[in-house]
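S.K.: please work out how this folds:
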Amino acid sequence: MIILDAGLEEEANRAVVDRVTELIRARGGSLGRVDRWGRRRFAYELKHRWEGYYVVIQASSDPATVAELDRILFLADEVIRHKVIRLPDVVSSPEAVGSPAAEAG
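M.R.: All right, here's what the predicted structure looks like:
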């Protein structure tokens, strides 16, 4: 999740998101969804601001890419806050789970 400065133009927001997605792709990661939640009001003041532009990016990549992404987002002036969350592994095929009848007996 990335919270961008709400005072930025739409082009600047898009440029930051494009920079993040290109970094993930360039390092061999894969993108899932990019959800733009838009402008939202904070519950409290963050870096002297009361609103931010929220973007949620779902992707998978290696740990080195995550570390580099974290560093870039920390240094970017347009980013108010960011959070990298590791989602639990998702089972990709029903065969991997097995049927309840097979497990019971």
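S.K.: for this protein, which strand is longest?
M.R.: For the chain, the strand with the greatest residue count under DSSP state E is strand 30-46.
S.K.: and for that one, what's in contact with it?
M.R.: With contact meaning CB atoms under 8 Å, 6 or more residues apart in numbering, strand 30-46 is reached by 3, 6, 13, 17, 21, 24-25, 49-61, 80-81. For glycine as for every other residue, the C-beta is placed from the backbone atoms N, C-alpha and C.
S.K.: wait, Lys47 touches Glu78, no?
M.R.: No - if you go by CB atoms under 8 Å, Lys47 and Glu78 don't touch, sitting 11.4 Å apart.
S.K.: these two - which one has more neighbours?
M.R.: Shown here are Lys47 and Glu78; by other CB atoms under 10 Å, Glu78 has more neighbours (16 against 11).
S.K.: next up, the contacts around that one.
M.R.: Here Glu78 is in contact with Leu4, Asp5, Leu8, Ala12, Asn13, Val16 (CB under 8 Å, 6+ apart).
S.K.: these: which two are farthest apart?
M.R.: Across the contacts of Glu78, no pair lies farther apart than Asp5 and Val16, at 9.5 Å, counting by CB to CB.
S.K.: so what sits against both of the two?
M.R.: Here Asp5 and Val16 have Glu78, Val79 as joint contacts, going by CB under 8 Å, 6+ apart.
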